[in-house]
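Undergrad: Structure for the following, please:
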Amino acid sequence: MSLADLGLTAEQERAYRYFLRNPRADLETAALDLVMPDLHRLIDELEALGLLDASLTAVPPATAVELLVRRRIEQTQRQLTELTAAWDVVTELAEEQRRGCPVQMVEHLQNGQHVTSRIEALLHANPDDFLHIKTHALYGGWRYDDSPLKRALAAGLTSRTLFSIHALEDPRQVPYAKEWHALGDLHRITAEPIRHLAVVNRSVAFVQADPADPKAGALQIRQPGAVAMLVDVFEGMWARARDLDDLPLSPIEQRVLRALTCHDTDEAAARSINVSVRKFRTHVADLMARLGAGTRFQAGVLAKERGWL
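TA: Numbers count the residues shown, from 1 in each chain. Have a look, this model is predicted:
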């Protein structure tokens, strides 16, 4: 096996072997010995590969082979990723066969019901992976049949949902998100700007047709490059988002926590922040539940450990 099998050209390998044998050779001597008019170019290429340093010293053979093997592995991984994308063609052809007509790479769906029906159909056919970004975990006053998603989760669907931190002003949001989190639809909270997005099986994406007009419907996108970019956007936001158990305190929670540590009685603490004793105790109970504290003293200790005090 030669270094050519690891991606070097014959000229690159010849130059590397020369500098390996002659660690003190200068450029002029090497040019005479090798009779290579383009030696400058070869040296630049070997330096870019990490096989030569600026003093024309060749790296040890073991290091050189490790660098070249790693480079070939990275090239192979990129090629495998490109080949994997070819399976999108299978999905497209199967959908075309099912419909009996050409499948559009970008299709305008008129309303939310059409989007929901399309997502449910895709997950029913293949409950693999679902990514979702939305403004709220729970939309007040809007009811929909959640049984298809529950069935997909039971069938092995991997599901992740991001929703906006601004939704936390509604006390129903976190309990609802935790309910779905327990079912397998993992939830996190983001402080970043939100645009509605759903991606099914990393092959079909749904975005708002017009972010300024909620009634404008949605775009269904099957174009692999566009879908891959949207998946990358989701993954970046997910990595930066907060877990449900690591939420920032709301302004009222901050005031309650400070009052709890500064006053001896609930009456005095409630009066200091201008809320009823009943309301104050409700907030204290919620804080203790979030902290997993059994006593108020323990809640104070845990709050300090989290940096809330």
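Undergrad: C-alpha only now, for contacts and for neighbours.
TA: Will do.
Undergrad: Going along the chain, name the helices of the chain.
TA: For the chain, applying DSSP state H gives helices covering 10-21, 27-34, 39-48, 61-84, 87-99, 112-125, 147-154, 173-183, 224-240, 251-262, 266-272, 277-291, 296-305.
Undergrad: now for these, which one comes closest to Ile189?
TA: Taking Cα to Cα, helix 224-240 is the member of those nearest to Ile189, at 8.5 Å.
Undergrad: Listing request: residues of the stretch 51-200 of the chain with sub-threshold pLDDT.
TA: Scanning the stretch 51-200 of the chain for pLDDT under 70 picks out the ranges 81-92, 95, 101-104, 140-144.
Undergrad: what would the helices of the chain look like in TSV with mean neighbour count and distance to Ala54?
TA: Converted to TSV, the helices of the chain look like this (neighbours: other Cα atoms under 10 Å; distance: least, Cα to Cα, whole Å):
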stretch	mean neighbour count	distance to Ala54
helix 10-21	17	12
helix 27-34	13	11
helix 39-48	16	7
helix 61-84	13	16
helix 87-99	13	45
helix 112-125	16	56
helix 147-154	16	56
helix 173-183	16	54
helix 224-240	15	37
helix 251-262	16	58
helix 266-272	17	69
helix 277-291	16	56
helix 296-305	15	50
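Undergrad: mind checking which of the ones you listed is nearest Glu192?
TA: Glu192 sits nearest to helix 224-240 of all the helices of the chain, at 7.7 Å, using Cα to Cα.
Undergrad: distance of the nearest residue to Gln220 once chain neighbours are set aside from Gln97?
TA: Using Cα to Cα, 6 or more residues apart in numbering and skipping residues adjacent in sequence, the residue nearest Gln220 is Phe206, 4.6 Å away. To Gln97, Phe206 is 22 Å away according to Cα to Cα, to the nearest Å.
Undergrad: go on, Asn111?
TA: 25 Å.
Undergrad: With His196 instead?
TA: Note on His196: its distance to Gln97, by Cα to Cα, is 30 Å.
Undergrad: For this protein, which residue occupies the most central location?
TA: Closest residue to the average C-alpha location of the chain: Glu235 at 1.2 Å, with Cα atoms, centre = their mean.
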